[in-house]
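Visitor: A predicted structure for the sequence below; I have some questions about it.
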Amino acid sequence: MKDHAQFAEDLALYAMGALDARNCPEMQAHLGECGECRRELEALRADTALLALSTAGPAPPQRARQRLMQAIAATPTKAQTAPRESGSGWPWPRWLFWAPLAASVLLAAFLVHMSMVHDRQVDALRAELQKERVDHARAQEIIAMMSDPKAEHMTLVAQRTSAQPQVKTIYVRDKGHVLVIANNLPQPPANMTYELWLLPADGKPMPCGTFKTDWRGHGMMLHEGAAGVAAKGFAVTMEPEAGSPWPTSEILLQPGQ
Amino acid sequence: MQSSRQRATYVEESEMRVTGTQAPNVADDSALIARLRIRDQSAMSDLYDRYSSVVYGVALRVLGDTMAAEDVLQEVFLQLWRNPHAFDPGRGRLAPWLAVIARNRAIDLLRKRPPEEEIDEQPIATGINLEDAAAQRMAIEKVRAVLAGLPPEQRRTLEMAFFEGMTHTEIAAKTGDPLGTVKTRIRAALLAVRKAFS
């Protein structure tokens, strides 16, 4: 784990986009919690801006200006500037006539902008709150399942290899909920996933959701299926990324003996 | 991608004069943006006259190709025309902001990365005087002097990172310098620029 000084050392690279992409997530996480580094990053952005500005000088060819103005003229506009008025009895300079209107337009544009910014912030907060609610509900459900005396606990072990890979299932039949906790299970190959199957007392295996494991072999999934199905066990197979309606590969893990 | 193209060095650039930069100031920036927001095409014309040399200069420095630099110039100004709210004149100046956006777009092109649909760069407060053409010219000359005074290997490392868009590991692999040396050179160069204005 990097400390503050190491992140601070890499800030200049990050400011100019020269930090390797694989190091960026941890830098962003650190910036999220370190005000000192955020302030230094702002200062470094200003330094890099001066570098960029130092190249100013060569004037572009005239054709570039024409090309831009043609493109702008071809871009649909939401509002055009006010047309010039021919002479009238207005006794003061012409700009005084238009000044209140221009001020109103500017004020309206500013208010619309502020309203849009506010709406975006409210939407973002709503989305965040909704996500928090969902996460909280899932956490409550997991706690309830783990402490439910009626829950059926099973441990699946690898069929042919050593007993290291392990998948624990906690099944609440009344609700049809099954919680999967995988340990030491290798990450599935690209475009593949693990799929859990409920093995009913009679009938075909029923799909119970897909899950993946991280680089440590850990994975967890909460599947909400049909309530009331009696399970004689669960099994895990490797399936294509989108999952399968029935097992297409050999069983990798099944209830231990 | 651009290795065969002729790249100007900082030393060469330091002999160039700033030709296309007129007299911007905060009020001008705010007024220009306000006019853009009410879709005043003449504001775009003024903006171009004022800042095209900033945008074109950095794009040409990165890409070393006039046609490609013109494409970046066109893209940056069109994006600002489409979304003038991308810039907040209360939080920084247009010149450094446009320079950074142009640099980033040019690097995307150089590295064959897909361009951004929208401008997402935040305004940049440099904290230095860029209020008029003379102040801006002085600032630019000062930065060029700092860069010209850097040891050649440090200047080259900075150029590879900033104007060629290379990561520090790519630079280390290309030059054979240790990663720590690359990091230190880049950081020290940026701090040297900052120190010149403190």
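Guide: Yes, it's here.

Visitor: Beta-bridge partners for A:E224, please?
Guide: Applying DSSP bridges to A:E224 yields these beta-bridge partners: A:H177.

Visitor: Please report the distance of it from B:T169.
Guide: With the distance defined as C-beta to C-beta, to the nearest Å, A:E224 ends up 45 Å from B:T169. Quick note: C-beta positions are derived from backbone N, CA and C, even for glycine.

Visitor: Likewise for B:D29?
Guide: When C-beta to C-beta is applied, the distance between B:D29 and B:T169 equals 38 Å.

Visitor: Pick out whichever of the two has more residues nearby.
Guide: Of the pair B:D29 and B:T169, B:D29 is the one with more neighbours under other C-beta atoms under 10 Å in any protein chain shown, namely 22 against 16.

Visitor: ok, now which ones touch the more buried one?
Guide: With contacts defined as C-beta atoms under 8 Å, 6 or more residues apart in numbering or on different chains, B:D29 is in contact with B:P89, B:R93, B:L94.

Visitor: ok, 10 Å please
Guide: Under the criterion of C-beta atoms under 10 Å, 6 or more residues apart in numbering or on different chains, the contact list for B:D29 reads B:L47, B:R50, B:Y51, B:F87, B:P89, B:G90, B:G92, B:R93, B:L94, B:A95, B:W97, B:L130.

Visitor: any idea which of those residues has the most stuff around it?
Guide: Comparing the contacts of B:D29 on neighbour count, B:W97 comes out first with 29 neighbours (neighbours: other C-beta under 10 Å).

Visitor: I'd assumed B:V58 was in contact with that one.
Guide: No - B:W97 is not in contact with B:V58 according to C-beta atoms under 10 Å; the separation is 11.9 Å.

Visitor: tell me, what's touching those two both at once?
Guide: Contact criterion C-beta under 10 Å, 6+ apart; residues bridging B:W97 and B:V58 by contacting each: A:A52, A:L53.

Visitor: now the contacts of B:D29 as JSON lines including pLDDT, distance to A:S147 and secondary structure?
Guide: Shown next, in JSON lines, are the contacts of B:D29 (pLDDT from 0 to 100; distance: C-beta to C-beta, whole Å; DSSP: H, G, I helix; E, B strand; the rest coil):
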{"residue": "B:L47", "pLDDT": "92", "distance to A:S147": "65", "secondary structure": "helix"}
{"residue": "B:R50", "pLDDT": "90", "distance to A:S147": "68", "secondary structure": "helix"}
{"residue": "B:Y51", "pLDDT": "92", "distance to A:S147": "65", "secondary structure": "helix"}
{"residue": "B:F87", "pLDDT": "87", "distance to A:S147": "55", "secondary structure": "coil"}
{"residue": "B:P89", "pLDDT": "81", "distance to A:S147": "58", "secondary structure": "coil"}
{"residue": "B:G90", "pLDDT": "79", "distance to A:S147": "54", "secondary structure": "coil"}
{"residue": "B:G92", "pLDDT": "82", "distance to A:S147": "55", "secondary structure": "coil"}
{"residue": "B:R93", "pLDDT": "86", "distance to A:S147": "60", "secondary structure": "coil"}
{"residue": "B:L94", "pLDDT": "89", "distance to A:S147": "60", "secondary structure": "helix"}
{"residue": "B:A95", "pLDDT": "89", "distance to A:S147": "63", "secondary structure": "helix"}
{"residue": "B:W97", "pLDDT": "92", "distance to A:S147": "56", "secondary structure": "helix"}
{"residue": "B:L130", "pLDDT": "69", "distance to A:S147": "64", "secondary structure": "coil"}
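
Visitor: ok, so of these, who is nearest B:R111?
Guide: If you rank those by distance to B:R111 using C-beta to C-beta, B:W97 comes first, at 21.5 Å.

Visitor: In contact with the closest one: list those residues for me.
Guide: By C-beta under 10 Å, 6+ apart, the contact list for B:W97 reads A:49, A:52-53, B:29, B:51, B:54, B:80, B:86-89, B:91, B:119, B:121-126.

Visitor: Filter those residues down to the buried ones, PyMOL style.
Guide: Provided next is the PyMOL selection string for whichever of the contacts of B:W97 are buried by 16 or more other C-beta atoms under 10 Å in any protein chain shown:
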select buried, (chain A and resi 49+52+53) or (chain B and resi 29+51+54+80+86+87+89+119+121+123+124+125+126)
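
Visitor: In helices, which of the contacts of B:W97 fall?
Guide: When the contacts of B:W97 are checked against helices using DSSP state H, the ones located there are A:A49, A:A52, A:L53, B:D29, B:Y51, B:V54, B:L80.

Visitor: And for A:H218, the neighbour number?
Guide: Neighbours around A:H218, by other C-beta under 10 Å: 13.

Visitor: can you tell me how far it sits from A:A235?
Guide: Here the criterion is C-beta to C-beta. By it, A:H218 lies 20 Å from A:A235.

Visitor: how about low-confidence regions in the chain?
Guide: Picking chain A for this. A:76-100, A:157-164, A:256-257 (pLDDT under 70).

Visitor: wait, chain B
Guide: In chain B (pLDDT under 70), the answer is B:1-27, B:115-121, B:123, B:129-131.

Visitor: Pull the contacting residues for the residue positioned nearest the centre of it.
Guide: For chain B, the residue whose C-alpha lies nearest the mean C-alpha position (C-alpha atoms, centre = their mean) is B:A99; its distance is 3.1 Å. By C-beta under 10 Å, 6+ apart, the residues touching B:A99 are A:48-56, B:51, B:54-55, B:57-59, B:76, B:93, B:124.

Visitor: Could you rerun that using 8 Å?
Guide: For B:A99, the residues meeting the contact criterion (C-beta under 8 Å, 6+ apart) are A:A49, A:A52, A:L53, A:T55, A:A56, B:V54, B:V55, B:V58.

Visitor: Secondary structure element holding it?
Guide: helix B:94-110 (DSSP states H and E).

Visitor: How many residues are close by residue 175?
Guide: With no chain named, the answer covers chain A. Counted by other C-beta under 10 Å, the residues lying close to A:K175 total 17.

Visitor: oops, I was thinking of chain B
Guide: Neighbour count for B:T175, taken as other C-beta under 10 Å: 16.

Visitor: cool, and the one 4 residues further on?
Guide: Taking other C-beta under 10 Å as the neighbour definition, B:L179 ends up with a count of 13.

Visitor: Do a quick rundown of the helices in chain B.
Guide: Listed in chain order, the helices of chain B (DSSP H) span B:10-14, B:26-37, B:41-63, B:66-82, B:94-110, B:133-148, B:152-162, B:168-175, B:179-196.

Visitor: Any buried residues in the fourth one, and which?
Guide: When you say that, I think you mean helix B:66-82. Residues of helix B:66-82 classed as buried by neighbour count (16+ other C-beta under 10 Å): B:68-77, B:79-81.

Visitor: any idea how far A:A43 is from A:Y194?
Guide: In terms of C-beta to C-beta, A:Y194 sits 47 Å off from A:A43.
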